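# The sequence and its predicted three-dimensional model are supplied below.
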Amino acid sequence: MDLNFRNVTSWLILLACLFLVQPIQAQTKPRWATKGVSSMNKDRSNDSYEFVNVESFGADINVLRKERLTPIIEKLAEQYQLSVSSAKIDTVLSEEMFVSKSKVGDVSVPSDYRITFTGADNSVFYLKLVDDYTILEDYADETYYYELYQLYAVSKVNTMPEYDEFKISNKYKAGAMAMSIVPGVGQIYKGQNVKGYAIIGSEAFLLGSAIIFELKRDHCADNNWKSKARGWRQFRDIALVGAGLVYVYNLIDAAVSDGSRHVTVKKKKDVNLTFAPMVSTEGSGLSFVLNF
């Protein structure tokens, strides 16, 4: 009966660990809103622009959306010591719209802007809205606020930007799987913090249990308690199998599951057009080669 109880208990522990890590999903807040934009700025092909993230809070989502440019204007004014009140907003390429998708409904807004700080010498900035995220937060005192997070590609002052291509995705490539060689790290890298810590805790619990069971088995074997030694050996083996299954799950999950939303930068390739004289049996002429 003691052996059967151990077997049943061990399988229950294993199933509980697997059940724990399976349903936990990635956090919804984009990676650039939680980790910052320093790594994205390193991926740019040129310095004519930079990524800037801002956030704003308020009880009225319509007001937040109407005044969505206020935080970035205030940030530019502070960085370049300009007057917020002198800022003039123009929409550039108004036919190109950005569709903002969030938990509080979709909305279309212009994607490109020109901000001019008027003065003795005008300071002009070009902005492209790359991504945004809106969430409604409830507080313990029964109040609530909307949080609007925005990611812009902002030109340097008085510079026409050469934007790279931006792609928004929840998918992560081999990097997350490579990092998951250490269990749970790949999930944490993708923004799945709770799942990552659950995997780390499950692995530590199962491997620690296997060590304890092996010590108990060794103690029983030294005292020639063969039946108990076999029981602890089975308990140890099941814990090791559980640790192995959690580890395999960790690798597969890191490779295929969605993580927090992130923006990847695809650098523009240089396009070169060269001309060269050409002579053939049909005559002479000028050929051109397009390299990209």
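Looks like it arrived, so ask away. Numbering: from 1, shown residues only.
# in the chain, which residue is closest to the centre?
Centroid check for the chain by Cα atoms, centre = their mean gives Arg31 as the closest residue, at 3.3 Å.
# beta partners for the closest residue to it other than its chain neighbours?
In space, and not counting its chain neighbours, Arg31 is closest to His262: 3.9 Å by Cβ to Cβ, 6 or more residues apart in numbering. To be clear about C-beta, it is placed using only N, CA and C from the backbone, and glycine gets the same treatment. Bridge pairing for His262 (DSSP bridges) gives the partners Ser169.
# Around His262, count how many other residues there are.
Using other Cβ atoms under 10 Å, His262 has 22 neighbouring residues.
# Given the helix or strand harbouring Val109, what are its sheet partners and their directions?
Taking DSSP states H and E as the criterion, Val109 maps to strand 107-117. The pairing partners recorded for strand 107-117 under DSSP bridges are strand 87-100 (antiparallel), strand 123-138 (antiparallel).
# Contacts only, for the residue nearest to Arg31.
By Cβ atoms under 8 Å, 6 or more residues apart in numbering, His262 lies in contact with 30-32, 168-170, 172.
# any idea which of the residues you listed is the one closest to Ile135?
Closest approach between the contacts of His262 and Ile135, by Cβ to Cβ: Pro30, at 10.7 Å.
# For the closest residue to the closest one other than its chain neighbours, give me the pLDDT.
The spatially closest residue to Pro30, leaving aside those adjacent along the chain, is Arg261, at 4.3 Å (Cβ to Cβ, 6+ apart). Note for Arg261: predicted pLDDT of 86.
# Ok, Asp253 next?
Predicted confidence (pLDDT) for Asp253: 88.
# count of residues packed around it?
Asp253 is flanked by 23 other residues according to other Cβ under 10 Å.
# re earlier: from the contacts of His262, which would you call buried?
Among the contacts of His262, those classed as buried by 16 or more other Cβ atoms under 10 Å are 30-32, 170, 172.
# ok so, going back, any idea how far the residue nearest to Arg31 lies from Leu251?
According to Cβ to Cβ, to the nearest Å, His262 and Leu251 sit 21 Å apart.
# now Gln192
Gln192 sits 14 Å away from Leu251, going by Cβ to Cβ.
# Looking at these two, which is more packed in?
Legend: neighbour count by other Cβ under 10 Å for Gln192 and Leu251, higher for Gln192 (26 against 16).
# circling back: need the buried ones among the contacts of His262 in JSON lines (columns: secondary structure and distance to Phe235).
Output for the buried ones among the contacts of His262, formatted as JSON lines (DSSP: H, G, I helix; E, B strand; the rest coil; distance: Cβ to Cβ, whole Å):
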{"residue": "Pro30", "secondary structure": "coil", "distance to Phe235": "44"}
{"residue": "Arg31", "secondary structure": "helix", "distance to Phe235": "41"}
{"residue": "Trp32", "secondary structure": "helix", "distance to Phe235": "46"}
{"residue": "Asn170", "secondary structure": "coil", "distance to Phe235": "40"}
{"residue": "Tyr172", "secondary structure": "coil", "distance to Phe235": "37"}
